[in-house]
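Asker: no sequence on hand, only this structure:
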């Protein structure tokens, strides 16, 4: 009798505990759904008991017009609701807006789903520079809701890292001034955190830290309420040089990034203070924000490892020592926590990260206490064309790992991405004999709020073990997004999948988004299907007159179309100027100005693609005019000049940025070239960042849809006669009398890495003028490192001598941050020399 009573009591207590737990699970999920769909949303949530080892799952049914969702976690419930919404084509959640149809739930909404992955990872360290740095809580709340609805449960959570870092450094004895001068501006923090840079846009104001702490409390509280696993920052070894003042005997090495253009400093792992600081950081973090289960620590991002060379015992010993020191610093503060590490460099710098080096780094870390992010699977597959990392590293040597991609660099707005790969690429990993302990699926874009279809597709892929039919998926996506589909939009997707969405471009941008002077084409895949596809999308405009999401997409695709037509006009204008036909060039430039201003005006009606919005986020972080100006300056810098040689990396297609930065810069270049004036573009760019505040005013179109349709037609007309015909060389730059002098100087010509690798020679071709161009070296620089060079002296004229340089690019050279051709040249006598720098295809060897 007593035993029965105890059993009944235990069962009752267990039932109460489950009821309390499930109430919390359902309550947090319900709040997400009602923020998205409205407080009267016809839904009912039920929590399914979750067992250890179970993956997230959900099922839905419709009863009496109500959607009933059963799931075993808050994220599973949210994603179950969202899956049902899309299955019925009743709505969508996106960065450019949401749609929730008013129609009643029906049988199409009855779906089941589960994920094969414990982790659905999100963000990249540098997303905190290119998109997130100035967000407020309102915007963060929207993004966390977006994560939950899209089934994401493992986001990076790096806000307030410097606030905790400063506490630790002060405990060590460093002064406020020493710390603040080391820190960088908010948008550049990711690269300081990874040891690439220091001091850019410093010193950092103290008010920043207070706001970030308050914001991070809200972020972590919401993520945890949804059962997410936020990945928080740890200490990776980077310190101010001033640490030597308080620790005179400490060994600090200087790090180098982008060929020595930027620096930071690192405590070597054999120093006791390395582990001491690491432990202090986690103690301070958890004192402020509570216990964290995952800590991200990266020390060698895109940098040479500051240890002895390959195949030396010292190298592998220090590498092993470093891994052990990082793990022990975490363990001492939180024995349950897991060390998370980005794996971008495993593919990007495979010449450094061979099997021995990675094995040494992780061998002393318990398998269950490490999680590797295999970022950039898309790069290995579609850009570097290398063996994927999990095959090369044999399943990562029994360490748990996450399959992940980087579908965006710098927050660029250019359209790109192999949709079929993003839908199904993870299946190769799931079915690999070397999958090892694959536990997650991730999206690690450098910037978000772009290429929305890519992220929507990948979020669905994380919950699929079956092949996704991309064409059918796109048809459903269209109907869910707009409420219905039509033949014109079906044709649009078919054509885009044969152009930009059937190819992968690592840095998609137009020529007007890079430093002016190159007559060459940009990197976006603007083959005929690209233009035809967007024309077909615009043809559907009469069917979607009052559809907000169609309007947002029409504006975006029109801007992409017009941007490509502007590129064609610029190519034609540069050719005309190089040939001395300034009258024709002036006509082309009128078209450039007309289209860029119209494109900018159209984008004023877009929900996201606006420089004014970006600046507003930044200025709202300041409480005084001085702080507001400081944050705006930093926000301007990151999306434009960044810092040589990383200029123009972000390449946004934004209103405000086009009319106030890209177009005036282009006009200044043309003016200089026609007058033969000195190149002063760099000075103008710096003044735009340092001195300019606010944007010029422009009124948006009353009817953006009608304006977009007319603009596409006008752009096509203006670019109709710009075809260059069959030209052997691919132009990548040009010189004129305003660029050269009687003294030797370096002429710099930005170039896409893919173009260099697909060709084999550089030619300096004289086009006109009374004097030849003399040169004494031609070199190729990638990420600040010279990877190929000719020191043969020669000249480009009529005739020319030694003006063709055959080159070979090492496999290890990538050029992700910067890539340029540098010619050391001078005028012969006068400065009257004009010409083109071209790439020529490598000649095939005779069999």
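Answerer: Nice, thanks for sending it over. The shown structure was predicted, so the numbers you read here are calculated from the model rather than taken from an experiment.
Asker: I figured residue 88 hits residue 104, correct?
Answerer: No. Assessed by Cβ atoms under 8 Å, residue 88 is found out of contact with residue 104, at 9.7 Å. From N, CA and C alone the C-beta is placed, and that goes for glycine too.
Asker: settle it for me: which of these two has more neighbours?
Answerer: Neighbours were counted for residue 88 and for residue 104 using other Cβ atoms under 10 Å; residue 88 has more, 23 against 14.
Asker: confidence score at that one?
Answerer: For residue 88, the pLDDT comes out at 98.
Asker: tell me who's in contact with it.
Answerer: 101, 103, 105-106, 108-109 (Cβ atoms under 8 Å, 6 or more residues apart in numbering).
Asker: now do residue 23, the pLDDT please.
Answerer: pLDDT, residue 23: 63.
Asker: no wait, residue 497
Answerer: At residue 497, pLDDT is 98.
Asker: where does it fall, phi/psi-wise?
Answerer: phi -70, psi -10 (degrees, to the nearest 10).
Asker: burial measure for it, as a count.
Answerer: 19.
Asker: show me the contacts for it.
Answerer: 419-420, 470-471, 474.
Asker: next step: the residues you listed restricted to helices.
Answerer: 419-420, 470-471, 474 (DSSP state H).
Asker: most widely separated two among these?
Answerer: Comparing all pairs in the ones in helices among the contacts of residue 497 by Cβ to Cβ, the longest separation belongs to 420 and 474, at 10.5 Å.
Asker: tell me the pLDDT of the nearest residue to residue 827 once chain neighbours are set aside.
Answerer: Using Cβ to Cβ, 6 or more residues apart in numbering and skipping the chain neighbours, the partner closest in space to residue 827 is residue 740 (4.8 Å). Per-residue pLDDT puts residue 740 at 91.
Asker: all helices of the stretch 51-200 of the chain, in order?
Answerer: 74-87, 127-130, 137-149, 161-172, 176-182, 189-193 (DSSP state H, counting those that start in this stretch).
Asker: list the helices and strands the fourth one packs on?
Answerer: Pointing back at helix 161-172 there. Judged by 3 or more Cβ pairs under 8 Å, 6 or more residues apart in numbering; DSSP states H and E, the packing partners of helix 161-172 are helix 176-182, helix 189-193, helix 206-225, helix 243-246, helix 272-289.
Asker: and residue 373, which of those helices is closest to it?
Answerer: Of all the helices and strands packed on helix 161-172, helix 189-193 comes closest under Cβ to Cβ, at 14.7 Å.
Asker: residues in contact with that closest one: which ones?
Answerer: Helix 189-193 is touched from outside by 125-129, 133, 158, 161-162, 182-184, 197-198, 200, 233, 236, 238, 257, 262, 264, 298, with contacts defined as Cβ under 8 Å, 6+ apart.
Asker: list buried residues within these.
Answerer: Buried members of those, counted by 16 or more other Cβ atoms under 10 Å: 125-129, 133, 158, 161-162, 182-184, 197-198, 200, 233, 236, 238, 257, 262, 264, 298.
Asker: dump the residue contacts of the residue sitting nearest the centre point of the chain.
Answerer: Among the residues of the chain, the one closest to the centroid is residue 446, at 1.9 Å (Cα atoms, centre = their mean). Remark: with contacts taken as Cβ under 8 Å, 6+ apart, residue 446 is in contact with 124, 126-127, 130, 406, 408-411.
Asker: give me that answer again for 10 Å
Answerer: 123-131, 190, 406-412, 649-650 (Cβ atoms under 10 Å, 6 or more residues apart in numbering).
Asker: related to what we said a few turns ago, who's more crowded, residue 420 and residue 474?
Answerer: residue 474 (24 against 18).
Asker: can you give me the end-to-end span of stretch 386-393?
Answerer: Length of stretch 386-393, first residue to last, Cα to Cα, to the nearest Å: 12 Å.
Asker: then stretch 166-179?
Answerer: Span of stretch 166-179 from end to end, Cα to Cα: 7 Å.
Asker: what residues sit buried inside it?
Answerer: By neighbour count with 16+ other Cβ under 10 Å, stretch 166-179 contains the buried residues 166-169, 172, 174, 178-179.
Asker: with stretch 26-42 instead?
Answerer: 26, 28-33, 36-37, 41.
Asker: also stretch 743-759?
Answerer: Neighbour counts using 16+ other Cβ under 10 Å place 747-754, 756-757, 759 of stretch 743-759 among the buried residues.
Asker: out of those residues, the closest to residue 342 would be?
Answerer: Nearest to residue 342 among the buried residues of stretch 743-759 is residue 753, at 21.0 Å by Cβ to Cβ.
Asker: quick one: low-confidence parts of the chain?
Answerer: Along the chain, the model assigns pLDDT under 70 to residues 1-23, 518-519, 723-728, 843-847.
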